[in-house]
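Visitor: Predicted model and sequence follow; I will ask about them next.
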Amino acid sequence: MALFDDAWMKGFQEKWNAEADLAGALEKIEFNSVIGYGFPNEDTCRGFINVENGQVTESGEYDGRTLSWDMRAEEKNWEKWLKKGIGMTGLGLAFTTGKMKFKTGDFKAMISDPRMAGPFIKSFGVMGSV
């Protein structure tokens, strides 16, 4: 199972939906998004999740659909964050130093809204359990 391949994304979906601090918190704010994950040197992201009212309803290898968020980072950085997690400070540093890039999506708006920032940080811990 490779990072962001179909099997990995399905595992992420299962873990996401089981995590109340993630799916439950996003359900309260009726969060809906299609989120892509990948690497900066590639034309498209590798994997995606479709989130409806906080729950991942679909996931897998990226299939060309329109993304609300397209997050990119080098594989070594993804692996570090998945192993150790990432806090608010680490996330801010990753963004400002360019280690994490958003090809689509408004990072600043998301990170300034605690209803979204907390679950976003939690998603890294959930990724690390896949």
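Guide: Everything's here; your move.
Visitor: how about the strands in the protein?
Guide: 33-38, 47-52, 55-61, 69-73, 100-104 (DSSP state E).
Visitor: Quick one: closest of the ones you listed to W8.
Guide: With C-beta to C-beta, the closest approach to W8 among those belongs to strand 47-52: 6.7 Å. Using the backbone N, CA and C atoms, a C-beta is placed for each residue, glycine as well.
Visitor: elements contacting the closest one?
Guide: Under the contact criterion of 3 or more C-beta pairs under 8 Å, 6 or more residues apart in numbering; DSSP states H and E, strand 47-52 touches helix 6-18, strand 33-38, strand 55-61.
Visitor: can you rerun that using 10 Å?
Guide: helix 6-18, helix 25-28, strand 33-38, strand 55-61, strand 69-73 (3 or more C-beta pairs under 10 Å, 6 or more residues apart in numbering; DSSP states H and E).
Visitor: tell me, which of the strands of the chain is the model least confident about?
Guide: Of all the strands of the chain, mean pLDDT reaches its minimum on strand 100-104 (a mean of 93).
Visitor: coming back round to it: now the strands of the chain as a markdown table including distance to W8?
Guide: Shown next, in a markdown table, are the strands of the chain (distance: least, C-beta to C-beta, whole Å):
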| stretch | distance to W8 |
| --- | --- |
| strand 33-38 | 9 |
| strand 47-52 | 7 |
| strand 55-61 | 9 |
| strand 69-73 | 15 |
| strand 100-104 | 18 |
